[in-house]
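> Sharing a sequence plus its predicted fold:
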Amino acid sequence: MQITPEGLLVRAPYWVSRAEIEHFLREKADWIAAHTEKLRERAALADSQPKLTADELRALADEALRVIPERVRLYAPLVGVTVQHITIRNQRTRWGSCSSKGNLNFNCLLMLTPLEVIDSVVVHELCHRLEMNHSPRFYAEVRRVYPDYDTWNRWLKENGPAIMARMR
């Protein structure tokens with residue numbers, strides 16, 4: 001089940017009956033309604049945000065290339081990991097990611113957030129070098145290295161959609 005701008009998309013194996021699908025959808029009606037509303041709010045927010053120009057995105061990427069590797073160098077020893085490559089991207093949905101090979105990707109839009117948010121994302125991705133999941137053990141490591149993680153992660157959840165909405 002996926003909620004898209006076009007509506008609700010439901011996929012099921014061929015052997016599942018229509019009655020079972022409809023029963024499942026009735027059970028999930030509250031979830032569907034809540035997430036549909038959230039999607040509508042994000043769409044309205046996206047329409048209301050001034051879009052970044054190509055020059056502004058390049059400037060953010062240049063700034064990120066200066067700032068983020070420095071933050072990675074600061075926190076990597078505290079986490080106890082190494083990093084292969086750092087890439088800066090213009091992304092619409094992610095703030096960062098980590099590959100199993102040790103490559104880190106960060107969104108240039110992080111430059112529109114406080115340094116504490118950048119640090120929280122950097123530590124989050126570095127900790128994936130130890131745990132490639134979001135288990136309690138993973139979050140314990142994140143909080144060990146960056147005790148204020150929850151505060152800044154909450155800031156990003158609250159303010160991040162408006163920042164992401166600035167992408168064209």
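Cool, got the structure.

> tell me which element the spatially closest residue to residue 124 that is not a sequence neighbour falls in.
Leaving aside its chain neighbours, residue 124 sits nearest to residue 142 (5.7 Å; criterion: C-beta to C-beta, 6 or more residues apart in numbering). Where you see a C-beta, it was placed from the backbone N, CA and C, and this is true even at glycine. For residue 142, the host element (DSSP states H and E) is helix 136-145.

> For that helix, give the mean pLDDT please.
If you average the pLDDT over helix 136-145, you get 98.

> Stretch 90-107 now?
Mean predicted confidence for stretch 90-107 is 93.

> Over to stretch 20-32?
94.

> what sits up against that stretch?
1, 3, 8, 10, 12 (C-beta atoms under 8 Å, 6 or more residues apart in numbering).

> how about 6 Å then?
For stretch 20-32, contacts defined as C-beta atoms under 6 Å, 6 or more residues apart in numbering pick out residue 12.

> in that stretch, what's buried?
The neighbour-count check on stretch 20-32 (16 or more other C-beta atoms under 10 Å) flags residue 32 as buried.

> chain center to that stretch, what's the gap?
Taking C-alpha atoms, centre = their mean, to the nearest Å, one finds stretch 20-32 lying 27 Å from the centre of the chain it belongs to.

> Over to stretch 5-22?
Taking mean C-alpha positions (C-alpha atoms, centre = their mean), stretch 5-22 and its chain are 28 Å apart.

> and it, how far apart are its ends?
One end of stretch 5-22 to the other measures 21 Å (C-alpha to C-alpha, to the nearest Å).

> In it, which residues are buried?
For stretch 5-22, a neighbour-count test (16+ other C-beta under 10 Å) marks nothing as buried.
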